[in-house]
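>>> I'll drop the sequence and a predicted model, then ask my questions.
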Amino acid sequence: MDKVLVRIADSKPYELETLLNHKYLKEKDYPDILKYLNNEDKKERAVSIILRNKYIGKVSFSIRGKPLSKSKFFNISHSKGIVGLATTNNEVGLDIEVIRPVDKKLKDFVSNKDEKKYIKNDENFFEIWTNKESLLKCIGSGIRSKMDKVPSLPLNNIKFFDGQYFYCRTITYNNLVITVTRNSAEPFEIEVKEESI
């Protein structure tokens with residue numbers, strides 16, 4: 001069975017100045033990092049660019065803003081200082097979320113009737129959320145206003161959406177929910193590798 005490698009790095013232990021002087025950051029990357037107001041957001045963005053530069057190299061962007069590489073398929077996600085980079089041999093979407101309390105209004109906005117029955121706790125909500133988000137990132141469309149129409153259940157299964165077949169795989173790793181979606185009906189496993197910056 002295929003494996004999708006998800007590299008995970010934590011931006012919180014690092015000082016921003018240390019990250020800005022990292023060998024995988026270039027001066028041209030600084031404006032993309034420094035445009036954020038919050039220092040934690042700057043560090044998170046710096047780590048995502050470091051991972052991208054180290055493992056992907058040169059990228060371009062689709063009309064919808066999805067980062068693309070000529071050499072490999074990849075996607076990046078972040079949550080509360082944790083940054084993930086998924087690489088695979090097929091179009092891919094990644095979403096990671098730190099498990100935390102969620103507002104009922106967000107649950108209602110995101111979830112359809114069956115999903116609301118499935119959600120018993122915050123981890124269940126993030127299983128639903130990351131399935132939807134990774135699927136949308138795989139096709140390159142980003143969050144839509146009708147999130148309740150984006151399929152999530154059953155988890156770890158084939159989904160038909162936007163005229164295409166996708167396979168979504170969800171795992172819990174430490175305090176993270178990680179979902180990878182590939183533009184293929186073939187199942188796969190997720191391998192997580194923790195990275196030091």
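Cool, the structure landed.

>>> State the separation between the one helix or strand in the chain whose mean pLDDT sits lowest and the centre of the chain it belongs to.
When each helix and strand of the chain is scored by mean pLDDT, DSSP states H and E, strand 67-68 comes last, with a mean of 78. How far strand 67-68 lies from its chain's middle: 13 Å, per CA atoms, centre = their mean, to the nearest Å.

>>> from the chain's centre, how far out does the next helix or strand along the chain from that strand sit?
The helix or strand immediately downstream of strand 67-68 is strand 73-79, counting by DSSP states H and E. Relative to the chain's own centre, strand 73-79 is displaced by 4 Å; criterion: CA atoms, centre = their mean.

>>> Which elements pack onto the helix or strand following strand 73-79?
Using DSSP H and E, the helix or strand that follows strand 73-79 towards the C-terminus is strand 82-88. Helices and strands touching strand 82-88, by 3 or more CB pairs under 8 Å, 6 or more residues apart in numbering; DSSP states H and E, are strand 2-10, helix 39-55, strand 73-79, strand 92-98, strand 176-182. (Glycine included, C-beta is placed from N, CA and C.)

>>> Pull the residues that contact the second one.
By CB atoms under 8 Å, 6 or more residues apart in numbering, the surrounding residues in contact with helix 39-55 are 7, 9-12, 14, 16, 19-20, 22, 24-26, 29, 32-34, 36, 59, 67, 74, 76, 78, 81, 83, 85, 87, 195, 197.

>>> State the mean pLDDT of the next helix or strand after it.
As assigned by DSSP H and E, the chain's next helix or strand after helix 39-55 is strand 60-61. For strand 60-61, the mean per-residue pLDDT is 82.
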